[in-house]
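S.K.: Got a predicted structure here, sequence first:
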Amino acid sequence: MKILPEVSRTLSEYLLLPNLTTEDCTPANVDLTTPVVRHRVGEPSPIRIATPLVSAIMEAVSSPRLAVALARTGGMAFIHQNQDIASQAADVAAVKGHKAGFRRAELHVAPTATLGDITALTRGCAQDFVAVTDDGTAEGRFLGLITVDDFHPDRHAPTDPVTTRMRAVEDLVTAPAAVSLSDANETIWHHRLDVLPVLTPHARLASVVLRADYESHTRFRHESVDADKRFRVGAGINTRDHTDRVPALVDAGADVLCIDSSDGYSVYQAKTLEFVRDKYGADVHVGAGNVVDARAFRYLADAGAAWVKVGIGGGSICTTRETKGIGRGQASALIDVARARDAYAQETGVYVPLCCDGGLLTDYHMAIALALGADFIMLGRYFARFDESPNRRVRIGGRLLKEYWGEGSARARNIARYEQGGDDIAFEEGVDGYVPYAGSLQQTVPITVAKLKATLISCGSTSLPAFRDSAILVPVSEQSHRQTGAEVMVRDHSQDAGE
Ligand code: MZP
């Protein structure tokens, strides 16, 4: 028996100290691009994502619709493996069926058109159109984006949603004469352009081009799709049927795979990695986990894991600690594993990214996890709250909630993940419950990203590696916890009738 000297600590138990913020620390300069799969130190990872967020390998979380929505924000989803191989492969193929990329579309508007006409032409159907004069001059007013209802894979034909949109534009532009639509090769997927100059509302235009300008987002987009302009998507696998599941998922186009297990420190994971390596060489990337200490990291890194997933017992729906007494506070686990990852990189010249999985209760926990050594973050509860997740929305006691259940719950019966030595689960390791509904992923992830960028700026960094290298963290006392939550009740306007 051995007892470690350190106390097991959670992410709530740390705060960051600010570093000097310099003039180059602006949101536009902060780059959250992060490696997903192993690579040689000093070289880029073959697979990177622009936003360090991935969705949990869970039935209640990751559907094709969520995968497309998340990829559009720069992250990546993992389609769950607790379903038959054909249906999982079909889910992956559905995501890969959506083509991303950029389309430059131009509306040439008649000389008599006013800004009012242009707005009428584009509102409600054209995304990311802005007006600038032919000669580049503008009168100094700015028009924000004219957005469309979000594209939903479930509502639109997978073949070409953008064509639908373009047709809608075309229909509208027939009204004022002499308007033509030309759209070149690429599709516009980004949601927010910096505002661009347009004319004052009543100005008469000599000639106007409504132009989609994506240049400033090129880098972001490039990270969100691999060379064929398809959205990136990952898929879970298990150590029971991997010999059949892996080929099906590879054929369906999965970009990365991840062994889905609550405890990854096992020979079964090494054998699964060996199978993939023998069959595909380095072409197929497989993450492994979950682990909570240096020994387990080293075992999986040596076995060829593309990345290692960290976290046992911290998931919001997880009862592994209560049922089996297994686990470790997420902060302590990350600190230990990140040290091992850095030592491994120094010794072998190979960097194996870490994914922090589960136990993140607030947005700021993401920043703490990234500072402690995570390269990207896997979230279940966070994504289960959104419209795009596949779980049901329900109203209970006047509150809008979404169902959220653990893979170790009786509802999921994820036997491959919660292997207890048979073909059924003898006891539950997860709960079946609800989380507060939180609207659209497309609207919320950018707010989370803005918070992350703000943290980096306060810490004087414009990239995640620089943030991690320079981060100074301080453990938080019980007393500080109490002070943070004290005294002020948030105003509920509906209840506030005055004295
Ligand atoms: P969270 O983001 O909801 O806190 O945690 C999500 C993570 O919890 C998943 O990625 C997975 O590792 C883990 N999980 C999923 N189901 C269970 C369970 O039923 C679980 N115990 O622990």
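M.R.: Yes, it's here.
S.K.: Near the ligand, which residues of this structure? Just list them.
M.R.: 56, 58, 290, 315-318, 320, 357-360, 378-382, 406-409, 429-430 (Cβ under 6 Å from any ligand atom). Every C-beta, even on glycine, is put in place using the N, C-alpha and C of the backbone.
S.K.: and the residues you listed, which are buried?
M.R.: 56, 58, 290, 315-318, 320, 357-360, 378-382, 406-409, 429-430 (16 or more other Cβ atoms under 10 Å).
S.K.: From these, which land in strands?
M.R.: N290, D357, M378, L379 (DSSP state E).
S.K.: now, which of those sits nearest V250?
M.R.: Taking Cβ to Cβ as the measure, V250 lies nearest M378 of those, at 21.3 Å.
S.K.: Tell me where the model's unsure across this protein.
M.R.: Counting by pLDDT under 70, the chain shows low-confidence ranges at 98-225, 227-229, 481-487, 489-490, 493-499.
S.K.: Domain-wise, how is it divided?
M.R.: 11-99+221-401+441-484, 105-213 (automatic domain parsing).
S.K.: In space, what's closest to C355 - neighbours in sequence excluded?
M.R.: In space, and not counting its chain neighbours, C355 is closest to K309: 4.5 Å by Cβ to Cβ, 6 or more residues apart in numbering.
S.K.: How about residues contacting whichever strand or helix holds the one you found?
M.R.: Here K309 sits within strand 308-310, counting by DSSP states H and E. Residues outside strand 308-310 that contact it (Cβ atoms under 8 Å, 6 or more residues apart in numbering) are 258, 264, 287-292, 297, 300-301, 330, 333-334, 337, 341, 352-357, 374, 378.
S.K.: If we use 7 Å, what do you get?
M.R.: 258, 264, 287-292, 297, 300-301, 333-334, 337, 352, 354-357, 378 (Cβ atoms under 7 Å, 6 or more residues apart in numbering).
S.K.: Check stretch 255-270 too.
M.R.: Stretch 255-270 is contacted from outside by 36-37, 47, 57, 78, 81, 226, 232-239, 246, 249, 272, 284-291, 296, 299-300, 303, 306, 309, 312, 320, 326, 408, 417-418, 429, using Cβ under 7 Å, 6+ apart.
S.K.: Over to stretch 231-242?
M.R.: With contact meaning Cβ under 7 Å, 6+ apart, stretch 231-242 is reached by 54, 57, 67-68, 71, 76-81, 85, 88, 92, 95-96, 98, 100, 224-226, 245-246, 249, 254-261, 268-269, 272, 275, 416-417.
S.K.: Phi and psi next, for the closest residue to A77 other than its chain neighbours.
M.R.: In this structure, A77 finds its nearest non-sequential neighbour in A67, 3.6 Å apart by Cβ to Cβ, 6+ apart. Phi and psi for A67, reported as degrees, to the nearest 10, are phi -60, psi -40.
S.K.: And A67, how far from the ligand?
M.R.: 15 Å (Cβ to the nearest ligand atom, to the nearest Å).
S.K.: quick one, what contacts that residue?
M.R.: Residues in contact with A67 (Cβ under 7 Å, 6+ apart) are A77, I79, V95, F231, V233.
S.K.: swap the cut-off to 10 Å and go again
M.R.: 55, 75-79, 91-92, 94-96, 98, 153, 231-235, 388 (Cβ atoms under 10 Å, 6 or more residues apart in numbering).
S.K.: Weed out the non-buried ones from those.
M.R.: Buried, going by 16+ other Cβ under 10 Å: 55, 75-79, 91-92, 94-96, 98, 153, 231-235, 388, out of these.
S.K.: Which of those fall in strands?
M.R.: In strands, defined here by DSSP E, the members of the buried ones among the contacts of A67 are S55, F78, I79, G234, A235.
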